[in-house]
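Colleague: 3D model of this:
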Amino acid sequence: MKNKTPIRIIIADDHKMFIEGLQSLLKKHTHIKVIGEASNGEEALELLKENINEVDIAVLDIDMPIKNGFEVLQEIQKIQIEVKTLILTMHDEGTIIKELMDAGANGYILKNRGKEEFVEAIETIMNGNEYLKGDVLGNYITANKMPEPKAVHLTRRELQVLKLLSEDHTSGEIAQKLNIAVSTVDTYRRNLIEKTGVRSSLGLIKYAFDNKIL
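Modeller: Below you'll find the predicted structure:
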């Protein structure tokens, strides 16, 4: 059997058990080597900077503290790090998929997909192709046909709360960072949901991506 091309990856996800699960499934695919892991976007960028030309693909979650996956992609483009990127997340909304692909991602896959599809995504991207499949592809195509959403005016504090929510911070953590009461954070959250017309905190994150707030 012909040896497969070695692929060096880093994994950025704030759930340690998830990273360990990926490493376990990759044991049978010895051509894919995990050379580093990060628990937030800032750590992912540091890993890439410390291993210039040593990482082929960065596997990124969206919901991470300090810097989320979208911000990591933007920084990669800004400082021109030569690395391919695969978004691995639970978000299947077409508008979010479109935003990440437009920001420079090479592929997008959901965490509930099988391990073989993850390996397929890694190999496809390594071969110079984009990876979108199944519902992700369908949602992406639909999102490209949708008109641009209309933005609403948000106050500086509302924008701060929205950004921290997108980074997966709890109400308690946001309250501490902004030096306000938890009840005040919850009020801002409710006001944001009412203003933007979404139905949940996940909807707020989607809204932030749609309107390029993040």
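Colleague: can you pull the contacts of N191?
Modeller: N191 makes contact with E158, according to CB atoms under 8 Å, 6 or more residues apart in numbering. The way it works is simple: take the backbone N, C-alpha and C, and place the C-beta from them, glycine included.
Colleague: Numbering from 23 from now on, please.
Modeller: Sounds good: first residue 23 from here, last item N213.
Colleague: which element is it on?
Modeller: According to DSSP states H and E, N213 maps onto helix 204-218.
Colleague: in that helix, what counts as buried?
Modeller: The neighbour-count check on helix 204-218 (16 or more other CB atoms under 10 Å) flags 207, 210-211, 214-215, 218 as buried.
Colleague: quick check: angle from the lowest-mean-pLDDT helix or strand in the chain to helix 204-218?
Modeller: Lowest mean confidence among the helices and strands of the chain (mean pLDDT, DSSP states H and E): helix 223-232, at a mean of 74. For helix 223-232 against helix 204-218, the angle by axes from the mean of the first three to the mean of the last three CA atoms, to 10 degrees is 60 degrees.
Colleague: pLDDT below threshold where in this structure?
Modeller: Applying pLDDT under 70 to the chain flags residues 23-24, 168-173, 221-222, 224, 236.
Colleague: my guess is R211 contacts L187, does it?
Modeller: Yes: using CB atoms under 8 Å, R211 makes contact with L187 at a distance of 7.1 Å.
Colleague: Can you pull the residues that touch both of the two?
Modeller: Common contact partners of R211 and L187 (CB under 8 Å, 6+ apart): 223, 226.
Colleague: hmm, back to that, distance between the helix holding N213 and the chain's centre?
Modeller: Centroid separation for helix 204-218 versus its chain: 24 Å, with CA atoms, centre = their mean, to the nearest Å.
Colleague: Dead centre of the chain: give me the residue that sits there.
Modeller: I84 (2.1 Å; CA atoms, centre = their mean).
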